[in-house]
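**Q** Have a look at this prediction, sequence included:
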Amino acid sequence: METVAPFKEAIDAIKEAGGEAYKLCYQCGLCDTVCPWNRVRNFSMRNIVRQAAFGLPEIEGEDIWRCTTCGSCPQRCPRGVGTIDVSLSFRRIASEAGISPASIHSVSASLAAEGNPLREERAKRADWAEGLSVKPFTEGMEILYFPGCYLCYDSRLKKVAAATASILNRAGVDFGILGAKENCCGESIRKAGDEELFKRLARENIKTFIDNGVKKILVSSPHCYHTFKNEYTEFRANFEVVHISQYLFELINEGRLKLTEEYGKKVTYHDPCYLGRHNGIYDQPREVLKKVPGLELVEMADSRQDSLCCGGGGGRIWMDTPKGERFSDIRLGQAMDVGAEVLVTSCPYCITNFEDSRVTLEDSEAIEIKDITEIVQEAIGEEKKPDKDGQ
């Protein structure tokens, strides 16, 4: 197990990397009691904070890569210890030393070369929009739609991007996309410890947004939302950022979007960590679902601020998690326990993990996994075309 020493140099490195709040910890253990890892195995965030206090961070073990940055422990800490910051400071030290999981090295290379973590060609970033009446963004448009990497390339999640485009067109929203001009927002690689690559991606995106006259950005991923809204401000960049669940609520309330089709199923909603705990968005997605005719909304255990993490944050979406240690398996079980026919969420990482669990867990194939936009797309129905008399 490699450590960073001597003590003073290590503590200085931890402080510089953002983990100085370790000194507030008095080892009460509340962080461990709420950590989702302790539902599937023994894990101690408190131990990581203790390592920081002694200036001996263990950077070659698995534990520093476990934190999903879900936000459960900071909201319960009585001393305001930035437990996530401490964990990420270790990752930054490890990354600078060239010590990180092989999958992270691969992702970093793809991000540096093609601007996405999925080893896909930058030139194909807008291919999802072919045939969907989606225009290139031009200055003066109402909104830039930023789908995010998974919605641009992943076969399952392209359906979410298509549903979003269909809804925006139906509501008469003047929007466009930047396609190959944009990069990954950089949130997950920052949480995986590669601060320099994050800064490069962020600066390139900010320049692209400014050069193209972008003022308002609509995103599908809570991770993009959090990064554009809360982290790009570090570069003195301020754009109006809205998540699709917020925008759907706005479009419906303004009468720009009519939900007319019955959706006669029992539905439960999963709060993504970066939409809920990190940004306080709980009500709008639920209010949207409540407006869908015939939809019955039920709550699972561990919802809203206590929502159980899917396991995809903090770069974990790129790391293998063995069967038996997947939080998403537990979450699907909670959805099935309340009799839900559909588990709805609004995050590409959550959908990816839930779909993986759905095909591996016994009896779970009976439940559908949907993004909120896919429910709304069904509820607005097919656009009626005028007959030969113009009616």
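**A** The structure has been received and is ready for your questions. As the structure is a computational prediction, the values presented were derived from the model and not from experiment. Numbering: from 1, shown residues only.
**Q** same for the helix or strand that contains Val242, what does it pack against?
**A** Using DSSP states H and E, Val242 sits in strand 240-243. Here strand 240-243 touches strand 216-219, helix 222-226, going by 3 or more CB pairs under 8 Å, 6 or more residues apart in numbering; DSSP states H and E. In short, each C-beta sits where N, CA and C put it, glycine included.
**Q** Let me have those in TSV, adding mean pLDDT, mean neighbour count and distance to Leu289 as columns.
**A** Shown next, in TSV, are those (pLDDT from 0 to 100; neighbours: other CB atoms under 10 Å; distance: least, CB to CB, whole Å):
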stretch	mean pLDDT	mean neighbour count	distance to Leu289
strand 216-219	98	21	19
helix 222-226	98	28	17
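**Q** right, and those - which one's nearest Lys199?
**A** When these are compared by CB to CB, helix 222-226 sits nearest Lys199, at 16.4 Å.
**Q** starting at the chain centroid, how far to the closest one?
**A** Helix 222-226 has its C-alpha centroid displaced from the chain centroid by 6 Å (CA atoms, centre = their mean, to the nearest Å).
**Q** ditto for stretch 95-107
**A** With CA atoms, centre = their mean, you get 21 Å for stretch 95-107.
**Q** next one: stretch 168-183
**A** For stretch 168-183, the distance to the chain centre is 20 Å (CA atoms, centre = their mean).
**Q** cool, stretch 142-160 as well?
**A** Distance, centroid of stretch 142-160 to centroid of chain: 13 Å (CA atoms, centre = their mean).
**Q** buried set for it?
**A** Under the neighbour-count criterion of 16 or more other CB atoms under 10 Å, stretch 142-160 has 143-154, 157-160 buried.
**Q** Now the two most distant members of those residues.
**A** The widest separation within these (CB to CB) is 22.6 Å, between Ile143 and Asp154.
**Q** low-confidence ranges in the stretch 1-150 of the chain?
**A** 1-23, 50, 52-60 (pLDDT under 70).
**Q** Surely Leu297 is in contact with Tyr269?
**A** Yes: counting by CB atoms under 8 Å, Leu297 does reach Tyr269; the two are 6.8 Å apart.
**Q** And these two? Which one has more around it.
**A** Using other CB atoms under 10 Å as the criterion, Leu297 and Tyr269 rank with Tyr269 on top: 26 against 15.
**Q** which residues touch the more buried one?
**A** 285-286, 289, 297, 299, 303, 344-345, 372 (CB atoms under 8 Å, 6 or more residues apart in numbering).
**Q** rerun at 10 Å
**A** 245, 282, 285-286, 288-289, 297-300, 303-304, 307, 335, 340, 342-346, 372, 375 (CB atoms under 10 Å, 6 or more residues apart in numbering).
**Q** where's Ser357 relative to Asn212, distance?
**A** Distance check for Ser357 against Asn212: by CB to CB, to the nearest Å, it reads 39 Å.
**Q** neighbour count winner among those two?
**A** More neighbours surround Ser357 than the other of Ser357 and Asn212, with 24 against 17 (other CB under 10 Å).
**Q** got the CA positions of whatever helix or strand the more buried one lives in in PDB?
**A** Taking DSSP H and E as the criterion, Ser357 maps to helix 348-360. Output of helix 348-360 as PDB, limited to C-alpha atoms (Å, rounded to 0.1, in the frame of the first residue of the first chain):
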ATOM      1  CA  PRO A 348     -28.000   9.000 -17.700                       C
ATOM      2  CA  TYR A 349     -25.800   7.400 -15.100                       C
ATOM      3  CA  CYS A 350     -28.800   6.200 -13.100                       C
ATOM      4  CA  ILE A 351     -30.500   4.800 -16.200                       C
ATOM      5  CA  THR A 352     -27.300   3.000 -17.200                       C
ATOM      6  CA  ASN A 353     -26.900   1.300 -13.800                       C
ATOM      7  CA  PHE A 354     -30.600   0.500 -13.400                       C
ATOM      8  CA  GLU A 355     -30.700  -1.100 -16.900                       C
ATOM      9  CA  ASP A 356     -27.700  -3.200 -16.000                       C
ATOM     10  CA  SER A 357     -29.400  -4.300 -12.800                       C
ATOM     11  CA  ARG A 358     -32.700  -5.000 -14.600                       C
ATOM     12  CA  VAL A 359     -31.200  -7.600 -16.800                       C
ATOM     13  CA  THR A 360     -29.200  -9.400 -14.100                       C
END
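**Q** Mind giving me the packing neighbours of that helix?
**A** helix 149-153, helix 158-170, helix 222-226, helix 327-337, strand 342-345, strand 368-371 (3 or more CB pairs under 10 Å, 6 or more residues apart in numbering; DSSP states H and E).
**Q** Average pLDDT for the fifth one, rounded please.
**A** Strand 342-345 carries an average pLDDT of 98.
**Q** Show me the common contact partners of Leu297 and Tyr269, please.
**A** 286, 289, 340, 344.
**Q** Rebuild the residues you listed as JSON lines, extending it with distance to Tyr225 and neighbour count.
**A** What follows is the shared contacts of Leu297 and Tyr269, written out as JSON lines (distance: CB to CB, whole Å; neighbours: other CB atoms under 10 Å):
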{"residue": "Arg286", "distance to Tyr225": "17", "neighbour count": "19"}
{"residue": "Leu289", "distance to Tyr225": "19", "neighbour count": "23"}
{"residue": "Ala340", "distance to Tyr225": "25", "neighbour count": "24"}
{"residue": "Val344", "distance to Tyr225": "18", "neighbour count": "27"}
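**Q** Farthest-apart pair in these, please.
**A** Maximum distance among the shared contacts of Leu297 and Tyr269 (CB to CB): 13.9 Å, for Arg286 and Ala340.
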